[in-house]
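In: Quick check, what structure comes out for this input:
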Amino acid sequence: MEKFRMGIIGVGNRGRGLQFTLLAMDDVEVVVLCDEYLDKAEYAASENEERTGKRPKVTTDYHEVLAMDDVDGVVVSTAWEPHVTIAIDAMKAGKPVCVEVGGAYSLNDCFNLVRTYEETKTPFMFLENCCFDETELWVTSMVRNGLYGEIVHCSGAYAHDLREEIIFGKENRHYRLRNYLNRNCENYPTHELGPIAKLLGINRGNRMVSLVSMASKAAGLEAFVKSRKDRVDPELQGKKFMQGDIVTTIIKCAHGETIQLRLDTSLPRVYDRAFTVHGTKGYSENKTMCLDGEERWRNMREDQFKKYLPDCWAMMTEEGKRLGHGGMDGIEFRLFVDCVRNGEEMPIDVYDAASWMCISCLTETSIAQGGMPQEIPDFTHGEWIRRPLKDVVPLPVIEEE
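Out: As a prediction, the model looks like this:
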C-alpha cells in the first residue's frame, strides 16, 4: 500500500508530538512541515530525518503546503487563532484536514467552517483526542448498554496547572499568554465537552440549546508572576490578566440534560478532567462508579465490567500506549487516515467541531453580560433530529442474560 502523505501545519510542542504519532504508523509519512517560526520547522524536520532517514520539506507559508500535489492530508496544530482560517483554506484546496482543539473566536468562524465543508465536501475531522480515551469510551459503552439508566447530567473539567506555560509564553512563543491577557471565557472547552457530547448524542438526536457562564476573579497568574519575579519578564510585573481563574459553564440540552464545564488552569492543582455521569440507575466519576442498589463504589476494572471495554482498548498494546496521551492519539489518527482512504464519515465531524468550539465565544459574551443565557446555534440546519447516533468507535453490545 502506498503511504499516506501528511503535512503538519504548526510544529510547536503539540505538532512535534503529533509527528511522532504519525511516523509510528507504517502506512503514513510526513512530507512537509510548516511553522511561522522557521527554527521550529527545521527542528521538527531534523527529528523526522533522524527517525526516517528522509528530510521533509520545510516552509513558513501554509499555502505552500496546500498547493503541494504530493500531500494527501494536513494536520492543523498551530496557535488557536488561525485554526479555522487554515482549515477553511485546506478544504477549499481539496486537502483532507484534521484540526487540533481550541475554542472559536466568533460564531461567524463556526458558520464559515460548516459552510465551507458543505460546499467542498472535503474530509474534515476535529482532533478531540479525549473522545478516544479509555475511561470516556468505557463509560459511554456502559451507558449504551443501559447500566446508567436515563442520563440526567454530565460534568467535566479542564483542570490543569498551566501557570508556567502561560507566564513564559513570550520566551517560548506560546499563544496562551496573549489569550489570558486579553480574553475571559471558557477558552478550552472540548476536552471535557467532546466525550460528553458524544455520550449524549449531540448533533445526532439531541443538541445543546443554551448556556450560562461565570468567571471568578483573575488572581492566580498575577500572584504567580510575583512569586517568580527574578525569572519572569519584567513587563508582566503588576500586569492584570483578563482570564478568570475558574470559569463555570452550564449547558442545557434539547432533551433536558444539563452539562457543567469547568476551566481551571491558573491556580495550583493536579491534572483532572473530572469526567462525571449521572443517570437514573448509576453514577460514575472518572474510573469509579456506583450502580443503583449498591452501597459501595465499584472500580470499572473489576472483571464484570471488562466486557464493556471497546476493542480499541481491550486490544491496546504497550507500543500503542506510547503513541501520544496514553494511546488515544494513535486511535484518532488511525481513524482519520482510514476514513479518508475509504471515503467514510469522520468520527468527529464539522458539525461537532462548530458546536463544541462555539462554546468559547458564547461564554465570553455570557461572562461579559454577568452570566446572561446565550443561545447555542444549530449548525446542522435541523438535521440533528434525524441524524443517527454514531459513536466514535464501535462499542460492545451486551445481550442480557
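In: ok, which stretches of the stretch 251-400 of the chain are strands?
Out: Residue ranges of the strands in the stretch 251-400 of the chain, as given by DSSP state E, counting those that start in this stretch, are 258-264, 276-279, 282-285, 288-291, 298-299, 374-375.
In: Would you mark the buried spots in stretch 179-191?
Out: For stretch 179-191, burial by neighbour count (16 or more other Cβ atoms under 10 Å) applies to 179-181, 183-191. Heads up, the C-betas are built off the backbone N, CA and C, glycines and all.
In: Next, residue 194: phi, psi?
Out: phi -50, psi -60 (degrees, to the nearest 10).
In: can you tell me which residues contact residue 247?
Out: 184-186, 213-216, 261-264, 363, 367 (Cβ atoms under 8 Å, 6 or more residues apart in numbering).
In: wait, which of these is closest to residue 373?
Out: Nearest to residue 373 among the contacts of residue 247 is residue 213, at 9.5 Å by Cβ to Cβ.
In: The strand or helix carrying the closest one packs against which elements?
Out: With elements taken from DSSP states H and E, the one containing residue 213 is strand 208-215. In terms of contacts (3 or more Cβ pairs under 8 Å, 6 or more residues apart in numbering; DSSP states H and E), strand 208-215 is packed against strand 246-253, helix 350-368, strand 374-375.
In: possible to save the ones you listed as a markdown table with distance to residue 224 and mean pLDDT?
Out: Below are these laid out as a markdown table (distance: least, Cβ to Cβ, whole Å; pLDDT from 0 to 100):
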| stretch | distance to residue 224 | mean pLDDT |
| --- | --- | --- |
| strand 246-253 | 15 | 98 |
| helix 350-368 | 22 | 98 |
| strand 374-375 | 31 | 98 |
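In: Pick the most deeply packed of those.
Out: helix 350-368 (a mean of 25; mean count of other Cβ atoms under 10 Å).
In: Check which helices and strands that one sits against.
Out: helix 107-120, strand 124-127, helix 190-199, strand 208-215, strand 246-253, strand 374-375.
In: quick check: angle from that helix to strand 258-264?
Out: 70 degrees (axes from the mean of the first three to the mean of the last three Cα atoms, to 10 degrees).
In: Helix 350-368 vs strand 246-253, what angle?
Out: 130 degrees.
In: what angle do helix 350-368 and helix 107-120 make?
Out: Going by the same axes, to 10 degrees, helix 350-368 makes 170 degrees with helix 107-120.
In: if I read this right, residue 31 contacts residue 57, doesn't it?
Out: Yes: counting by Cβ atoms under 8 Å, residue 31 does reach residue 57; the two are 6.5 Å apart.
In: Identify the contacts common to the two.
Out: residue 68.
In: And residue 167, how far from residue 17?
Out: 22 Å (Cβ to Cβ, to the nearest Å).
In: hmm, I was thinking of residue 328
Out: 12 Å.
In: So for those two, which residue has more residues nearby?
Out: Using other Cβ atoms under 10 Å as the criterion, residue 328 and residue 17 rank with residue 328 on top: 25 against 16.
In: For that one, give me its contacts.
Out: So residue 328 contacts 129-130, 132-134 (Cβ under 8 Å, 6+ apart).
In: Buried only: go through those for me.
Out: Counted by 16+ other Cβ under 10 Å, those give 129-130, 132-134 as buried.
In: Restricted to helices, list those residues.
Out: Mapping the buried ones among the contacts of residue 328 onto helices (DSSP state H) picks out residue 134.
In: Could you take the buried ones among the contacts of residue 328 and lay them out as CSV, with extra columns for pLDDT and distance to residue 237?
Out: Formatted as CSV, these follow (pLDDT from 0 to 100; distance: Cβ to Cβ, whole Å):
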residue, pLDDT, distance to residue 237
129, 97, 36
130, 97, 36
132, 97, 42
133, 96, 39
134, 95, 43
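In: What count of nearby residues applies to residue 57?
Out: Counted with other Cβ under 10 Å, residue 57 comes out at 17.
In: Any figure for the gap between residue 307 and residue 313?
Out: 12 Å.
In: Show me which of these two is the more surrounded one.
Out: Comparing residue 307 with residue 313 by other Cβ under 10 Å, the one with more neighbours is residue 313, at 20 against 12.
In: Hmm, residue 138 and that one touching each other?
Out: Yes: contact criterion Cβ under 8 Å: residue 313 and residue 138 qualify, at 7.2 Å.
In: The residue nearest the centre of the chain and residue 48: what is the separation?
Out: Central residue of the chain (Cα atoms, centre = their mean): residue 128, 2.9 Å from the mean position. Distance, residue 128 to residue 48, using Cβ to Cβ: 25 Å.
In: pretty sure residue 112 is in contact with residue 88, am I right?
Out: Yes: counting by Cβ under 8 Å, residue 112 touches residue 88, with 6.2 Å between them.
In: Which one's more surrounded, the two?
Out: Applying other Cβ under 10 Å to residue 112 and residue 88 shows that residue 88 carries more neighbours, namely 20 against 16.
In: what's the more buried one in contact with, if anything?
Out: Contacts of residue 88 (Cβ under 8 Å, 6+ apart): 112-113, 116.
In: Could you verify that it is part of a helix?
Out: Yes: Residue 88 forms part of a helix when assessed by DSSP: H, G, I helix; E, B strand; the rest coil.
In: ok now stretch 334-344, how far from the chain's centre?
Out: Mean C-alpha position of stretch 334-344 versus that of the full chain (Cα atoms, centre = their mean, to the nearest Å) differs by 19 Å.
In: how about the CA coordinates for that stretch, as PDB?
Out: The C-alpha coordinates for stretch 334-344 follow below in PDB (Å, rounded to 0.1, in the frame of the first residue of the first chain):
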ATOM      1  CA  ARG A 334      -5.700   5.700  12.600                       C
ATOM      2  CA  LEU A 335      -9.300   6.700  12.100                       C
ATOM      3  CA  PHE A 336      -8.600   9.900  10.200                       C
ATOM      4  CA  VAL A 337      -6.300   8.100   7.700                       C
ATOM      5  CA  ASP A 338      -8.700   5.200   7.200                       C
ATOM      6  CA  CYS A 339     -11.800   7.400   6.800                       C
ATOM      7  CA  VAL A 340     -10.000   9.500   4.100                       C
ATOM      8  CA  ARG A 341      -8.800   6.400   2.300                       C
ATOM      9  CA  ASN A 342     -12.200   4.600   2.400                       C
ATOM     10  CA  GLY A 343     -14.400   7.700   1.900                       C
ATOM     11  CA  GLU A 344     -16.100   7.100   5.200                       C
END
